[in-house]
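**Q** Kindly return the folded structure for what I paste below:
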Amino acid sequence: MRDMRQSELGVTELGASKGAFVQGKDGKGKEIVMNSRNTETQALATSIHELAHIVPL
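**A** Predicted coordinates:
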């Protein structure tokens, strides 16, 4: 997981979103990006939510 300011895929702003699972163009590269304005509690809850996006069913 990365802070949005450290995104390797170019995510620089999330607006009101607490986090996002993003994929690079052509499916190359994947990362979870967290909003740098999150509180610690928001960051924890959002981390769990975003991790669920990458766990195969």
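**Q** Show residues contacting the helix or strand Ala52 falls within.
**A** Element membership for Ala52, per DSSP states H and E: helix 40-54. With C-beta atoms under 8 Å, 6 or more residues apart in numbering as the test, helix 40-54 has contacts from Met1, Lys18, Gly19, Ala20, Phe21, Lys30, Ile32, Met34, Asn35, Asn38. C-beta here means a position set from N, CA and C on the backbone, and glycine is covered the same way.
**Q** and the least confident helix or strand in the chain by mean pLDDT, what does it pack onto?
**A** In the chain, no helix or strand scores lower on mean pLDDT, DSSP states H and E than strand 2-3, which sits at a mean of 87. In terms of contacts (3 or more C-beta pairs under 8 Å, 6 or more residues apart in numbering; DSSP states H and E), strand 2-3 is packed against strand 30-34.
**Q** Now the strand it packs on: buried residues?
**A** Glu31, Ile32, Val33, Met34 (16 or more other C-beta atoms under 10 Å).
**Q** what's the average pLDDT for it?
**A** What strand 30-34 shows for mean pLDDT is 93.
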